[in-house]
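Visitor: The following block contains a protein sequence and its predicted model.
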Amino acid sequence: MSIFAIADTHLSFTTDKPMDSFPGWKDYVKRIEYNWNNIVKDSDTVVIAGDISWAMNFDELKSDFEFINNLSGNKIIVKGNHDYWWNTLTKMNAFIEENGFDRIKLLMNNSFEVDGVSVCGSRGWAIDVEDSHDEKVLNREVGRIKMSLDSAKCEDKILFLHYPPITTNAACEPIMQVIKDYSIKKCYYGHLHGAATRFAVEGECDGCDFELISCDRLSFIPKLIK
């Protein structure tokens, strides 16, 4: 049993917002499917760290979730900033059950134990907090990250965020403090694409090893992390 990770799949089977027009993204859905099924086994788990789909509601989301569910392995998904379909856990779990998406689990104020590792995480938030609304959302995300970590049953915890908690020129101090307080040794994140990847922190910083796992950064190949 292995654990893989990727972020920013940006699926749009029902919505007219494909990523193919962006440099390097041509035929990205076919590339994801081929690469994924070529290396991921049904006994493996893949964490998708946000920006799963461009859907705005469950009706638009259904085709995207069918694609994800049919890929090899079990999937654990985290909310991204473009996941506008995201709803309450009760409603999302009902949607998953009603449609038989039995290989998709939601990482929201909880954690999952996979082969002796606790998979934890949340969306996170932007580093630049500009107003009271941003501050409120950031505080809520800090609370959700703590809830996820507090629920972990394994000593070995891996943290997945959508937003980067640190870049080469700034840091989200409240989230970085949580990472320090909980002695997190490995943190994966997405969100950064194209030219923005030059700001990615990859490697050890303050005792934690950070890594960017956005689709284009990984050449649309899920990354083996354990």
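Guide: Great, that's in hand.
Visitor: How about the contacts made by I158?
Guide: Contacts were defined as CB atoms under 8 Å, 6 or more residues apart in numbering; by that measure I158 touches 3, 117-120, 184, 186-188, 225-226. The C-beta positions use only the backbone N, C-alpha and C, and glycine is treated the same way.
Visitor: Same question for G80.
Guide: G80 neighbours (CB under 8 Å, 6+ apart): 7-8, 49-52, 123, 162, 190-191.
Visitor: Mind listing residues that contact stretch 133-151?
Guide: Identification of contacts with stretch 133-151 by CB under 8 Å, 6+ apart yields 107-111, 120-126, 128-129, 157, 159, 161, 172, 174-175, 178, 182, 184.
Visitor: swap the cut-off to 7 Å and go again
Guide: Contact with stretch 133-151 is made by 109-111, 120-126, 129, 157, 174-175, 178, 182, as judged by CB atoms under 7 Å, 6 or more residues apart in numbering.
Visitor: Could you find the closest non-adjacent residue to V119?
Guide: Leaving aside its sequence neighbours, V119 sits nearest to F112 (CB to CB, 6 or more residues apart in numbering; 4.7 Å).
Visitor: in the lengthiest helix in the chain, what counts as buried?
Guide: Longest helix in the chain, counting residues (DSSP state H): helix 132-150. Buried residues in helix 132-150, counted by 16 or more other CB atoms under 10 Å: 138, 141-142, 144-146, 148-149.
Visitor: what's the residue nearest to G24 when sequence neighbours are not counted sitting at in phi/psi?
Guide: Using CB to CB, 6+ apart and skipping the chain neighbours, the partner closest in space to G24 is D216 (5.4 Å). Dihedral angles of D216 (phi, psi; degrees, to the nearest 10) stand at phi -70, psi -30.
Visitor: which parts of stretch 115-123 are buried?
Guide: Going by neighbour count (16+ other CB under 10 Å), the buried part of stretch 115-123 is 117-123.
Visitor: need the contact list for the spatially most central residue of the chain.
Guide: When CA atoms, centre = their mean is applied to the chain, the residue found nearest the centroid is A49 (0.6 Å). By CB under 7 Å, 6+ apart, A49 lies in contact with 5, 7, 78, 121, 160-162, 188-190, 213.
Visitor: Great, nothing more from me.
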